[in-house]
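Engineer: attaching a predicted model along with its sequence, questions to come.
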Amino acid sequence: MPRITNPLTNTEVSKAKPRVKVYSLSDGGGLQLRIKPSGSKTWLLDYYRPYTKKRTSISFGAFPEVSLAEARSRRESARKLLAQQIDPKEHREEQQRTTQSAYGNTLHAVAEQWLVIKKSKVTEDYATDTWRSLELHVFPDLGKLPIHKITAIKAIDTINPLAAKGSLETVKRLCQRLNEIMTYAVNSGLTDTNPLSGIASAFQSPRRTNQLALSPSELPELMQSLSVASIKRTTRCLIEWQLHTMVRPSEAAGTRWDEIDVDKQVWTIPAERMKKRKAHAVPLSTQTMALLEIMRPISGRGEFVFPSDRKLRTHINSQTANMALKRMGYGQRLVAHGLRSLASTTLNEQGFDPDIIEAALAHTDKNEVRNAYNRAQYIERRKPLMDWWSEHIEQAATGNMSLTGTASLRVVNG
């Protein structure tokens, strides 16, 4: 006949005294209260492991922190798991690992993982700008929170001050970046849902504005302004280099000497520096080659054509041209990116093939096969276009206002 164990009472548990050796009081169903000589009391459940049938035990915690009633409740939960052939100790360890992983995966930590993937799709400057925006506006409030604790309300509260200041473009970018990070977390199995997918709708949309650009007829005025502007020679060369080559500000600022093939007169920008992650070859006109010769004594022994004044071994800031244009009085009329629009408008008005112009601007075709064909075919057809554009710029400079003209080399001060 099986031994009958009388359930424990709260009084028995409370008044159980320590002995010279460890001993246990049984409550039945495998639940025991183990009392050590030190006086500590611990709840244990003895059971047989599924499949192996080896005897083991699991701790439910110490008394009085865990009461008799709570210990019995935990015993029942463990027995339900055993009925499903689940080892309660392994189940608890797995839950602990999951919890530790969840709390270790903070928004900041997950964002770092996401950025590694993001960097393979965007330029280095864009990736730097992306991370900086998160450091400034998101991480101070949300960076240390586990990814599964991030909610739409918390994100909106964090971004609201920016919206109140009218920085709607920054708000839009932050919403996009947070949404991408959360999507990455879901796809990586770090959280179950993305609660930030619709947070952009909580804010006003920024007004769409075209990049500030001059009309073709205003090019002579710009060249005149450049010729008398109180800016450094490197900055002026950068502006003219971007104007002649029609590249984006970050691509111009990061120009490297090893990207220039002097013999073939071609500048090849590697894919990792291009917005669309496609290498871009720029045929160099006589005028752009002249700009390189102006810069050679200044930076020819270094890595970058347009070096930074303040940070050794790096290039000039991509915003330098913008700041110079503002100081020249073009703050409300022209931004550096608008130099591309000026070139595009002029070339289209002159009747150049629109496809050639798009190729010169590195606007990629969504059709990959056609895109590859275009890169191979258009490089030769782009040379006359680039030559015409450079000559047009020089003519607009009336012969002595452009750094690329031989006359200008005598009159331009450093």
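Structural biologist: Cool, got the structure.
Engineer: now the helices for the stretch 301-414 of the chain?
Structural biologist: Assigned by DSSP state H, counting those that start in this stretch, the stretch 301-414 of the chain shows helices spanning 320-325, 338-349, 354-360, 368-396, 408-411.
Engineer: turn these into JSON lines, including mean pLDDT, distance to residue 114 and mean neighbour count.
Structural biologist: From N, CA and C alone the C-beta is placed, and that goes for glycine too. Conversion of the helices of the stretch 301-414 of the chain to JSON lines gives the following (pLDDT from 0 to 100; distance: least, C-beta to C-beta, whole Å; neighbours: other C-beta atoms under 10 Å):
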{"stretch": "helix 320-325", "mean pLDDT": "92", "distance to residue 114": "29", "mean neighbour count": "22"}
{"stretch": "helix 338-349", "mean pLDDT": "92", "distance to residue 114": "30", "mean neighbour count": "20"}
{"stretch": "helix 354-360", "mean pLDDT": "89", "distance to residue 114": "32", "mean neighbour count": "19"}
{"stretch": "helix 368-396", "mean pLDDT": "76", "distance to residue 114": "26", "mean neighbour count": "16"}
{"stretch": "helix 408-411", "mean pLDDT": "33", "distance to residue 114": "48", "mean neighbour count": "13"}
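Engineer: need those in CSV (columns: distance to residue 135).
Structural biologist: Putting the helices of the stretch 301-414 of the chain into CSV (distance: least, C-beta to C-beta, whole Å) gives the following:
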stretch, distance to residue 135
helix 320-325, 22
helix 338-349, 29
helix 354-360, 36
helix 368-396, 35
helix 408-411, 43
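Engineer: and of the ones you listed, who's closest to residue 92?
Structural biologist: With C-beta to C-beta as the criterion, residue 92 lies closest to helix 368-396 of those, at 51.7 Å.
Engineer: who wins for proximity to residue 87 among the helices of the stretch 301-414 of the chain?
Structural biologist: Of all the helices of the stretch 301-414 of the chain, helix 368-396 comes closest under C-beta to C-beta, at 52.6 Å.
Engineer: helices and strands around the helix or strand hosting residue 131, which ones?
Structural biologist: Here residue 131, judged by DSSP states H and E, is contained in helix 124-137. Helix 124-137 is packed against helix 107-119, helix 152-164, helix 168-187, helix 249-253, with contacts defined by 3 or more C-beta pairs under 8 Å, 6 or more residues apart in numbering; DSSP states H and E.
Engineer: and among those helices, the most buried is which?
Structural biologist: helix 249-253 (a mean of 24; mean count of other C-beta atoms under 10 Å).
Engineer: relative to residue 93, how far out is residue 275?
Structural biologist: Note on residue 275: its distance to residue 93, by C-beta to C-beta, to the nearest Å, is 48 Å.
Engineer: which one of the two has more residues nearby?
Structural biologist: Higher neighbour count among residue 275 and residue 93: residue 275, with 16 against 11, using other C-beta atoms under 10 Å.
Engineer: please tell me how far the more buried one sits from residue 304.
Structural biologist: For residue 275 relative to residue 304 (C-beta to C-beta), the value is 19 Å.
Engineer: doesn't residue 27 lie inside a strand?
Structural biologist: Yes: judged by DSSP: H, G, I helix; E, B strand; the rest coil, residue 27 forms part of a strand.
Engineer: close enough to count as contact, it and residue 68?
Structural biologist: Yes: at 7.4 Å, residue 27 counts as touching residue 68 under the criterion of C-beta atoms under 8 Å.
Engineer: distance to residue 344 for the helices and strands packed on helix 124-137 - can I get that in TSV?
Structural biologist: TSV is the format used below for these (distance: least, C-beta to C-beta, whole Å):
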stretch	distance to residue 344
helix 107-119	29
helix 152-164	32
helix 168-187	23
helix 249-253	15
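Engineer: which among those is found nearest to residue 51?
Structural biologist: helix 168-187 (34.0 Å).
Engineer: report the rounded mean pLDDT for the closest one.
Structural biologist: Mean per-residue pLDDT for helix 168-187: 93.
Engineer: packing partners of that helix?
Structural biologist: helix 107-119, helix 124-137, helix 152-164.
Engineer: out of these, which comes closest to residue 378?
Structural biologist: Among these, helix 124-137 comes nearest to residue 378, with 25.2 Å by C-beta to C-beta.
Engineer: the closest one: what's the following helix or strand?
Structural biologist: With DSSP H and E setting the assignment, the helix or strand that follows helix 124-137 is helix 139-142.
Engineer: picking that back up, got the helices and strands packed on helix 168-187 as CSV, with mean pLDDT and distance to residue 58 columns?
Structural biologist: What follows is these, written out as CSV (pLDDT from 0 to 100; distance: least, C-beta to C-beta, whole Å):
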stretch, mean pLDDT, distance to residue 58
helix 107-119, 92, 32
helix 124-137, 89, 43
helix 152-164, 93, 37
